[in-house]
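Colleague: Provided below are the primary sequence and the corresponding predicted coordinates.
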Amino acid sequence: LSIRSGLVLTALLAVLPALALQLVTGLEHRRHLEAEAKAEASRAAAAMAEVQERITDSTRLLLTALAAMPELRAKDAAACSALFASLLDQNPLYTNILAADANGDMFASGLPFALLNFSDRKYFRDAMATRQFVAGEYVVSRTTGTPSFPFALPILDETGQAIGVLIAAVKLDSFDAAFARLHMPVAANLGLADRNGTRLFYRPVNPANPVGSPIRPEVFDAIQAGGD
C-alpha cells in the first residue's frame, strides 16, 4: 500500500468500531420506539373499545328498564313519547329513542315524527328473531338524518312473544370526548368501524376518510384475521 492508502485504511479501522456501535445503538433505539408506538396504539384502541362497551352496557340497561313499562306494552304513544323526549334531554349521547310495533311501524319517539317503518333494518329483524338485545350497524337516522349506531331490544308480552322493538341510536360524534382524553400524538389517528367495515368514527377529521365510507380493504382484512 502507498502511504496515503495506509493512512486511510488506518483511519477507517480506527472509526469502524464507533460506527458499528452507533449503528447498533440506532437500531436498538428504533426497536424501542416501535415497541412504544405499538404499546401506545394498543392502549388507545383498548380504551376506545372500553368506551364502546360502556355505551353498549348502559344502553342495554336503559332499554331493559323501558321494556318493562306497562305503557310501552300497551303502545301508549303519548306517554312513551313524552318519556323518551325526557330521556333524550338527559342523555345527549343518543340521536333518538323510539319504539316500533311488530310490523316495524313506529308508534313512539323522543323526537317529533311522521309515519316511519323499520322492518327493513337489520337491528329490527335481529331483535324480533332472537328476542334479545342486539347491536346494529352504521345507519343514517330516519328521524334526524344524522349518522348513528343503533341498538335494539324486543318488547315482549306476558307470553314472551315479541310484540315490538325498542331502539336507541347513538350519535357517532359522541366518541369525540373519549378521543380527546386519550391525548394521542399529533401524527396519530383513531378510527372505529362496524362489522361490515363501514367507518363509524375517524379522528382527526380527514375529508379522505368520511364517516359512512368503507375502511381500506387491507385494513379490514387484517382486522378480521386478527382473532378476538
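Modeller: That came through fine.

Colleague: just the element for the residue nearest the centre of the chain, please.
Modeller: Geometric centre of the chain, nearest residue: Leu192, 4.4 Å, by Cα atoms, centre = their mean. Using DSSP states H and E, Leu192 maps to strand 190-193.

Colleague: tell me what that strand is packed against?
Modeller: With contacts defined as 3 or more Cβ pairs under 8 Å, 6 or more residues apart in numbering; DSSP states H and E, strand 190-193 has these neighbours: helix 3-67, strand 199-203. Every C-beta, even on glycine, is put in place using the N, C-alpha and C of the backbone.

Colleague: now render the ones you listed as a markdown table, adding mean neighbour count.
Modeller: Output for the helices and strands packed on strand 190-193, formatted as a markdown table (neighbours: other Cβ atoms under 10 Å):
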| stretch | mean neighbour count |
| --- | --- |
| helix 3-67 | 12 |
| strand 199-203 | 20 |
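
Colleague: want to throw the ones you listed into a markdown table with mean pLDDT?
Modeller: As requested, the helices and strands packed on strand 190-193 are exported to a markdown table (pLDDT from 0 to 100):
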| stretch | mean pLDDT |
| --- | --- |
| helix 3-67 | 85 |
| strand 199-203 | 91 |
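
Colleague: tabulate these in JSON lines, adding columns for distance to Phe84.
Modeller: As requested, the helices and strands packed on strand 190-193 are exported to JSON lines (distance: least, Cβ to Cβ, whole Å):
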{"stretch": "helix 3-67", "distance to Phe84": "8"}
{"stretch": "strand 199-203", "distance to Phe84": "23"}
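
Colleague: who wins for proximity to Gly164 among those?
Modeller: Ranking the helices and strands packed on strand 190-193 by proximity to Gly164 (Cβ to Cβ) places helix 3-67 first, at 9.3 Å.

Colleague: the residue nearest to the centre of the chain: what's it in contact with?
Modeller: Met48, Gln52, Phe175, Arg199, Leu200, Phe201, Tyr202 (Cβ atoms under 8 Å, 6 or more residues apart in numbering).

Colleague: please name whichever of the helices and strands packed on strand 190-193 is nearest to His183.
Modeller: Comparing those against His183 with Cβ to Cβ, the closest turns out to be helix 3-67 (9.4 Å).

Colleague: contacts for stretch 120-136, please.
Modeller: 56, 60, 63-64, 100, 102, 104, 118-119, 137, 139, 149-154, 156, 160, 162, 165, 167.

Colleague: out of these, which sit inside helices?
Modeller: Thr56, Arg60, Leu63, Thr64 (DSSP state H).

Colleague: I figured the second one was touching Phe151, is that so?
Modeller: Read it as Arg60. Yes: using Cβ atoms under 8 Å, Arg60 is in contact with Phe151, at 7.2 Å.
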